[in-house]
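Trainee: quick one: sequence plus predicted model below, questions after.
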Amino acid sequence: MSFFSAILCLADASGSDYIKGQNAYKASRYGYAIQLFEKDLKQRPENSYSYFYLGLCYAKTNKKVLAKKAFEKVLEIENMKTFSSKGERPNAVLLKKAQKNIAVMTNRQIKATGNTQKAKAIIQTHAGKSDNYLTHALQSNGKVAHWALSKMPLKIYVSSGQGVPGWNSSMNQTVTYAMGVWHRASGKKIKFKLTRNRKEADIVVKWRRSFGHNRVGVNPFESIGGHIVRSDMILATSYPNGKPLGYNEIQGTAIHELGHALGVQGHSPYPEDVMFFSKNPIQGNTLTLRDKKTIQLLYQQKADITNGTNVSPSQTKQVYGLITQGNQELTQNPGRALSYYQKAYRIDPRNKDVAKSMAIARYNLGIQAMNAGVNAAKRQNKAQARVKFQEAVRLFEGLSQSSTAPSGTAQNLKDARRNLQLVSQ
Ligand SMILES: [Zn+2]
């Protein structure tokens, strides 16, 4: 979350980079245009037009995440004009265009990741709706992330801020307050429990004096595969300029960051919402109806990324470490890959990514056996060919009964059986 900063009135002389950038954009020189708009933004950080064009340049060069971020910056800057002392008004046309481009970018991201009909349906149903911002709450690849309701309560560990300048123990209560706010907003579906065991925590809260880049809090949401590993919150006690944050401001930040920790990836485009991009004067220390509706909608969706296993975050990390090790061996040595996956399976038997990986390793072993059989047959070594084809049949048979069977399994099973018959005659 970034904080509200007054819009500085700067001389317009630096606008030439913006004009040059526009010309570069029109000439399809996107890389150069990006440099120019970034230069302009160094001089005029609140020039939403530069962000808009930056978004267009990134969109043209297929940098979807950056494009989306740039368009979101337009929403932030324009909406913050409501609080400008200069009596500026948000540019409705620019806002609408940015909103539309964000939807386009999200759609492209979903296509690129081959992601679900579900995400598409969410965008079709909710994009541009004024009673929720669910489409902004999705992960950057269009996936839905939230904690499993069956695993509630979430365990929260609040670190001591001892030694952090400006911290005092009463600040820990801002976290407890934020927990209550989201618990009620979710219709009491989301539950929390404080833990004294940092290792078993789903969310670890840490304190820091301040951040750079206009920030007063961050949420490193960590997931691997389809699993939430941890979703920490780091809260500042001061603004980047050293001015201490008031208790209320920390409370607001705690609510905002806990919202991210619960799975709300992006930000509300509406300034009055707690989940808006930046802190501002009309945000209260409680959620708006729109914030509430959004968290409820998010938790009604089936999650792509969740914590549906019984293992601890550190075990999940171990599991995915083993998957990565296995993946490196998968083509050269599927047997060794399988042994890594089996180790992972012993840690977390319910993990779907492990099951999928084991199936692929077995499939590759089947192919290997099949090839060895064909080679043996070519050398007229029927006995060895038989052994190899039998092995292939056994592996493909085993796979064909599971739901994780790779797509060529049935055909390969057929081929292996036929080959076995040929060398058995
Ligand atoms: Zn935020």
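Mentor: Thanks, I have it. Residues are numbered from 1 along each chain as shown.
Trainee: low-confidence stretches in the protein?
Mentor: Applying pLDDT under 70 to the chain picks out residues 1-15, 113-116.
Trainee: if we go to 50?
Mentor: 1-14 (pLDDT under 50).
Trainee: tell me the contacts of the residue nearest the centre of it?
Mentor: In the chain, the residue lying closest to the centroid (C-alpha atoms, centre = their mean) is Gln139, at 4.1 Å. In this structure, Gln139 makes contact with 145, 265, 304-305, judged by C-beta atoms under 8 Å, 6 or more residues apart in numbering. For glycine as for every other residue, the C-beta is placed from the backbone atoms N, C-alpha and C.
Trainee: just to be sure, it is in a strand?
Mentor: No: read with DSSP: H, G, I helix; E, B strand; the rest coil, Gln139 is coil and lies in no strand.
Trainee: separation between it and Asn101?
Mentor: 19 Å (C-beta to C-beta, to the nearest Å).
Trainee: just the C-alphas of the helix or strand Tyr18 falls within, formatted as PDB.
Mentor: For Tyr18, the host element (DSSP states H and E) is helix 15-26. The C-alpha coordinates for helix 15-26 follow below in PDB (Å, rounded to 0.1, in the frame of the first residue of the first chain):
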ATOM      1  CA  GLY A  15       6.600  17.700 -21.100                       C
ATOM      2  CA  SER A  16       8.800  17.400 -24.200                       C
ATOM      3  CA  ASP A  17       9.700  13.900 -23.200                       C
ATOM      4  CA  TYR A  18       6.000  13.100 -23.100                       C
ATOM      5  CA  ILE A  19       5.500  14.600 -26.600                       C
ATOM      6  CA  LYS A  20       8.600  12.800 -27.900                       C
ATOM      7  CA  GLY A  21       7.300   9.600 -26.300                       C
ATOM      8  CA  GLN A  22       4.000   9.900 -28.100                       C
ATOM      9  CA  ASN A  23       5.700  10.400 -31.400                       C
ATOM     10  CA  ALA A  24       7.900   7.300 -30.800                       C
ATOM     11  CA  TYR A  25       4.700   5.400 -29.900                       C
ATOM     12  CA  LYS A  26       3.000   6.500 -33.100                       C
END
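Trainee: pull out the buried positions in it.
Mentor: Buried residues in helix 15-26, counting neighbours by 16 or more other C-beta atoms under 10 Å, are found at 15, 17-18, 20-22, 24-25.
Trainee: same deal with stretch 192-210?
Mentor: 192, 195, 201-210.
Trainee: which one of the residues you listed is nearest to Ser357?
Mentor: Asp202 (24.7 Å; C-beta to C-beta).
Trainee: so who does that closest one touch?
Mentor: Per C-beta under 8 Å, 6+ apart, neighbours of Asp202: 147, 154-156, 228, 230-231, 307, 313.
Trainee: need phi/psi at it.
Mentor: With angles defined as degrees, to the nearest 10, Asp202 sits at phi -80, psi -40.
Trainee: repeat that for the one 3 residues further on.
Mentor: Recorded main-chain torsions at Val205 are phi -100, psi 130, according to degrees, to the nearest 10.
Trainee: for it, give me its contacts.
Mentor: 156-159, 175, 232-235.
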